[in-house]
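In: take a look and give me a structure for this.
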Amino acid sequence: MAARVAAGAGGAEGIPLLDDLMPWSVRPLRTGRPWVTAPDAASLRARWDLLVRAEGAEQERLFRSSRSRSPLTAAAALPGRTTATGRFARDPGPCPEPVRILHGPFDEQWLIPDQRLLDAARPELWRVADGHQVFAVEHGYVPQDTGPALSVTALLPDGHSPAGRPGRIRPLYRRPGGREPNLAPGLLALLGDRYAAPVDPESVLAWTLAVARPSPAGCLVPLPADGTLWAEGVELGRELLRLQLRGAHGGQRPRLPGGRRPYVRAAIPPRPSELRYDSEDEVLTLGEGPGEGRISPVPAGAWEFRVSGVPMLELWFERRTAQDGREGLEALRPRDWPQEWTSELLELITVLALLGELRSAQEALRKRLTAEPAVTRDALREAGVVPAPPMARRPASVLDHHEEGPEGQFALL
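Out: Model (predicted):
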C-alpha cells in the first residue's frame, strides 16, 4: 500500500519516531559499580587481582555490593564469554579479558565482561554484538540542546548519558551475522516503493543519523516524500556513520586533510591536571607550567563539540585525570599518562572535528525537510508499518550456542 504524502511534517506530532522505525530497544547497561570500567585494560586487571586477594568484609567493601550483586551472587556467563559463574567469594576464576566498549557517546573504554560484577549487563545486547552489528544510541532529551540526538558504534555501548538523561540502545540487527534488521516490518519495502530505489537497513540508519532530532516524546526522524532528498540525506548519513565507526567493518579510519591533522607539538607530562584551549592558535594544552603538553592544530569544532550540552573533549580528559571521588578499586589507575591515551585523544579530536564540519550540512538538510512533502506517521500507520507488532519490540530468539547459567547450569533461552 502506497504511503500517503503530507505537505510538510505537520508539526512534531506528524513526524515518525525512531521508536516507530527501529522498534526493538534496550535500556543502558547498569554496572552498579564504577570500578568495572576504565580507560585502560591494565587497571582492570589490577583491580581484579586486588579484589581476589581480599577476603570477607574487606572484599565486600572493595566490591561495593548492591541489591543486585555482591561477592556471594552467582550469575550466568555473558553470551560469548566463558567466565566463572559461581559465587565470586568462593571461586572468582581468572580475570576475564577486558573488552572494548563505548562509554557514553564518544569515549572508548574497557569493561570486565563478568555478569557477576554487573547489576544489569543486558545480555540480549551481547548476543547480537558481532562484526556485523551497529548500535544506535539515543542521548535523551535535554531542553535547548543543539547537539546530536544519537550516535552510532560498532562497539558494545553502555548507553551512559553525559547529562544523566539516558535514552535507548537500538541494534541495527536483531540476530548475529547481520540478519533480521531491527526495522518495522514493511518499512524497507514501503520506502523502496516511495523512492523507486532499493532501501537497505544501513541506509535507513544513515538517514536517521543525518536528520534525527530529540524531542520530549523521543527521537524524531522525518521522512521525505522525495527520493532525491532521501538520497542526499543517506549520502550525508553514510559519511557520519563512517566517521563514528572509526574504521570498523572494513572502513577507513577518520583523517583530517594534510596540514590540518593534529600533532603533539610538546610532550604530554606524566600527570596533566588541566586542559586549556587557545582558539586563536588552535592549540590544546594539557598541564601547566614549563612542562605542559601541546597539541595542534585542534579545530574549534572539536573543542566546542557537545552532546546534551556537555563538551566531549573536556569530559574525556576529566575521566582520565580527575582525582576527586575516586576510592577503593576505582583509585587503581595509571600512575602516569599512557602513550595510548595520546593516540586516542588525537583520534577523538579528528572525529569530533570532522563531525563538526558536517553540522551545517545537517542543519541545511533539516531545514529543507520542513518545507518539503513528507511521509508522515499517519501515512506509516495507514500502510500498516506502525505500530510495529509486539514481537518486533522483543529480543529475537538466539540459539546459536549454549550459555552457562549460574553455578554452571546451562541457561535456557
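In: tell me the pLDDT of residue 8.
Out: Predicted confidence (pLDDT) at residue 8: the value is 39.
In: please apply the same query to residue 389.
Out: At residue 389, the pLDDT value in this model is 96.
In: again with residue 410
Out: In the prediction, the pLDDT value recorded for residue 410 is 54.
In: before we move on, what about residue 189?
Out: Taken from the predicted model, the pLDDT recorded for residue 189 is 97.
In: same deal with residue 1?
Out: According to the prediction, residue 1 has pLDDT 44.
In: what does the one 4 residues further on give?
Out: Listed pLDDT for residue 5 reads 46.
In: what do you get for residue 165?
Out: pLDDT, the model's per-residue confidence, is 78 for residue 165.
In: for it, grab the count of nearby residues.
Out: 14 (other C-beta atoms under 10 Å). From N, CA and C alone the C-beta is placed, and that goes for glycine too.
In: one more: residue 52?
Out: When neighbours are counted by other C-beta under 10 Å, residue 52 registers 15.
In: I'd assumed residue 92 was in contact with it.
Out: Yes. Taking C-beta atoms under 8 Å as the definition, residue 52 is a contact partner of residue 92 at 5.0 Å.
In: in the protein, where is pLDDT below threshold?
Out: With pLDDT under 70 as the threshold, the chain has low-confidence stretches at 1-12, 399-402, 404, 407-413.
In: can you report phi and psi for the residue nearest in space to the middle of it?
Out: Closest to where the C-alpha atoms of the chain average out (C-alpha atoms, centre = their mean) is residue 157, at 4.3 Å. Listed backbone geometry of residue 157 is phi -90, psi 150, with angles given as degrees, to the nearest 10.
In: mind checking how far the nearest residue to it once chain neighbours are set aside is from residue 320?
Out: In this structure, residue 157 finds its nearest non-sequential neighbour in residue 102, 4.3 Å apart by C-beta to C-beta, 6 or more residues apart in numbering. In this view, residue 102 and residue 320 are 16 Å apart by C-beta to C-beta, to the nearest Å.
In: please apply the same query to residue 355.
Out: 21 Å.
In: can you check residue 280 too?
Out: Between residue 280 and residue 320 the distance is 26 Å, computed by C-beta to C-beta.
In: neighbours around residue 356, how many?
Out: 16.
In: nope, residue 228 is what I was after
Out: If we define neighbours as other C-beta under 10 Å, then residue 228 has 9 of them.
In: which non-adjacent residue is nearest residue 26?
Out: Taking C-beta to C-beta, 6+ apart as the measure, residue 26 lies nearest to residue 169, with 4.8 Å between them; neighbours along the chain are not counted.
In: which ones are touching the one you found?
Out: Contacts here follow C-beta atoms under 8 Å, 6 or more residues apart in numbering; on that basis residue 169 touches 25-28, 122, 125, 135-138, 157, 159.
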